[in-house]
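Engineer: let's see this in three dimensions:
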Amino acid sequence: MVFIMRAFLKKINWRVLTGMGLLCLSQVIYAEFSIHYAKTRLIDDVYVLDAQISYDLTEVTRDALQNGISLTLVLTMVIERDRWYLWNEEMATLKQRYQVKYYTLSDQYVVEYLNTGIEETFGSLNAALTRLGQLESFPLLDQHLTKPDKRYWVYLQTHLDIESLPVPLRPIAYLSSQWRLSSNWYLCPLEP
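Structural biologist: Down below sits the predicted model:
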C-alpha cells in the first residue's frame with residue numbers, strides 16, 4: 001500500500017511540475033513592438049520615410065532599465081526592387097540603432113541615437129518610447145538609384161538587441177520570452 005501511495009505521489013508531483021512549467025512557458029505577454037504606419041515620400045531627390053512605431057516593454061525589461069541596464073533597439077529597413085522572376089533584388093539595408101538608458105540621480109531617461117551620437121533627455125519612459133516611435137523624414141535612398149519604370153518596396157522591422165545586453169544576462173534573455181521583443185515585418189511601397 002505504501003509503495004502504491006509513493007508511486008501515486010510521484011506521478012502527481014511530475015504532472016504538477018510539468019503543468020507549472022508549461023504555464024510558465026506559455027505566459028501571455030501583453031507587451032510587443034509593432035509598426036502601425038509607414039509611408040515614403042520624395043524630398044530633394046531623396047526618398048524619406050515616415051513611420052509610427054509602438055515600443056511596449058515588458059515588466060522585466062522595464063525593471064532591468066530601472067536597475068541600470070541599457071536597452072538597445074534596432075530598426076531595420078530593407079529596400080528591394082520588385083522582379084517578376086526569382087526573388088526581389090535587395091537595393092539597400094539600413095539599421096538605425098537606439099540606446100535607452102535611465103539615470104537614477106537625475107530621474108531621467110536618455111535616448112542615444114547610436115548611428116549619429118545624438119542624445120535626447122526625457123522625464124518619463126513613456127515619453128522616450130513615444131518619441132522613438134515617431135519616425136519623420138528618415139532618409140532612405142537617393143532617387144537616382146531607382147528606375148522610374150520599376151517598383152520598389154520597403155520592409156521594416158524593429159527589435160530589442162539581446163546581443164547588446166551584459167554578458168551574464170544574455171542566456172536568460174535568450175531563454176525568456178519576456179526579452180524577445182520584436183515587431184512583424186511591415187511592407188510599404190517606395191513611392192514619391
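Engineer: can you tell me the closest non-neighbouring residue to the spatially most central residue of the chain?
Structural biologist: In the chain, the residue lying closest to the centroid (Cα atoms, centre = their mean) is H159, at 1.9 Å. Residue nearest to H159 in three dimensions, not counting chain neighbours: S182, with 3.5 Å by Cβ to Cβ, 6 or more residues apart in numbering. No exception for glycine: its C-beta is placed from N, CA and C like everyone else's.
Engineer: just the helices in the chain please.
Structural biologist: Ranges of helices in the chain, per DSSP state H, are 2-25, 59-66, 125-132, 170-175.
Engineer: which elements pack onto the shortest one?
Structural biologist: Contacts defined by 3 or more Cβ pairs under 8 Å, 6 or more residues apart in numbering; DSSP states H and E place helix 170-175 against no helix or strand at all.
Engineer: so who does A173 touch?
Structural biologist: Contact analysis of A173 by Cβ atoms under 8 Å, 6 or more residues apart in numbering lists I162, L165, W179, R180.
Engineer: dump the residue contacts of the last one.
Structural biologist: What that stands for is R180. With Cβ under 8 Å, 6+ apart, R180 has these contacts: L160, I162, A173, Y174.
Engineer: determine the longest strand present in the protein.
Structural biologist: Secondary structure of the chain per DSSP state E: the longest strand is strand 89-103.
Engineer: now stretch 158-174: mean pLDDT?
Structural biologist: For stretch 158-174, mean pLDDT is 94.
Engineer: list the buried residues of that stretch.
Structural biologist: Neighbour-count burial for stretch 158-174, counted by 16 or more other Cβ atoms under 10 Å, picks out T158, L160, D161, I162, S164, L165, A173.
Engineer: with that, I have no additional questions.
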